[in-house]
Each structure stands twice: as structure tokens, then as C-alpha cells.
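Trainee: Structure, please.
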Amino acid sequence: MARHVLVDTGFIVAVLSRRDHHHRWATAQASRHAPPWRTCEAVLSEAFHLLGRSGGPALAELLRRGAVLPVFDLATELRAQHGLKTPDALHLAAALRAGCDEFWTNDEHLAKAAAGRIGIVVFDDK
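Mentor: Numbers count the residues shown, from 1 in each chain. Next up is the predicted model:
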């Protein structure tokens with residue numbers, strides 16, 4: 001069973017919206033993989049938008065309880081330390097906060113920033 005789970009917008013919306021087509025599946029997964037779930041602020045922004053006024057308070061409550069852990073603070077640190085582009089910094093921060101064992105990339109600069117923090121697999125088509 002996964003210890004650390006990175007969640008996307010679809011999962012958050014499905015957990016919080018009974019009208020969502022995947023609500024039953026998402027709530028079953030949520031009971032098997034207890035929070036905190038890792039995500040990034042872009043996902044939270046999209047979830048707030050999709051849930052609208054009726055679902056926003058439930059998402060805000062998840063954040064207050066620490067059930068969803070954003071990664072922007074770590075991404076900001078990685079960006080400053082390694083000169084990463086914002087999307088790359090968010091991606092690496094999400095992997096680190098999720099407790100991933102490996103990070104697969106073909107971006108040498110991103111691989112250098114990740115070295116020592118997570119296993120790196122650099123792929124090359126040559």
C-alpha cells in the first residue's frame with residue numbers, strides 16, 4: 001500500500017463532490033490511503049474553481065486539517081537554490097513531498113537539482 005500519495009484535481013473534486021462520476025471510487029481510495037495527500041497549489045486552484053462556491057468550504061477544511069499538503073514553499077526554495085523553472089521546481093517538490101523513491105527525467109538540470117534528495121533516473125534516446 002502506498003504510504004505517500006500525490007493527488008491531482010480530479011481526485012480532490014471526486015472526493016468532495018457527491019455528484020462527481022468518480023466519487024465512490026475516490027472515497028474508497030481515501031479510506032485506504034489516509035491523508036495527508038500531497039499536491040501543488042495549481043491543483044488546489046483548479047479544484048477550488050471546479051468545486052465552486054458549494055465545494056470551496058470543504059476543500060478549505062481539508063487544507064486547515066492538513067489533509068492536503070501543498071508544495072509551493074519547497075518549490076520556491078528549490079527554484080532559488082538551483083535556478084529551476086517554476087514548473088520543474090513544482091514537479092520536483094511534489095515528488096519529494098510525496099516521498100517518491102525515484103525521479104525519472106530527461107532534464108539534466110532538474111536531475112542535478114534532485115541529486116542527493118531522491119533517486120534519479122535520467123533517460124536518453126541516443
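Trainee: With adjacent residues omitted, what lies nearest to the residue most central in space within the chain?
Mentor: Residue closest to the average C-alpha location in the chain (C-alpha atoms, centre = their mean): Thr39, at 2.3 Å. Using C-beta to C-beta, 6 or more residues apart in numbering and skipping the chain neighbours, the partner closest in space to Thr39 is Val7 (5.1 Å). Glycine gets a C-beta too; all of them are placed from N, C-alpha and C.
Trainee: So for the one you found, what pLDDT did the model give?
Mentor: According to the prediction, Val7 has pLDDT 83.
Trainee: thinking it is in contact with Trp37, fair?
Mentor: Yes - between Val7 and Trp37 there is a contact at 4.4 Å, judged by C-beta atoms under 8 Å.
Trainee: ok, those two, which is more surrounded?
Mentor: Val7 (25 against 21; other C-beta atoms under 10 Å).
Trainee: For the more buried one, give me its contacts.
Mentor: Contacts for Val7 (C-beta atoms under 8 Å, 6 or more residues apart in numbering) come out as 37-39, 43, 68.
Trainee: State the distance from it to Ala113.
Mentor: To Ala113, Val7 is 23 Å away according to C-beta to C-beta, to the nearest Å.
Trainee: and if you look at Ser17?
Mentor: 36 Å.
Trainee: The two: which has the busier surroundings?
Mentor: Ala113 (22 against 19).
Trainee: Quick check: closest non-adjacent residue to the more buried one.
Mentor: Excluding the flanking residues, the one nearest Ala113 by C-beta to C-beta, 6+ apart is His82, at 3.8 Å.
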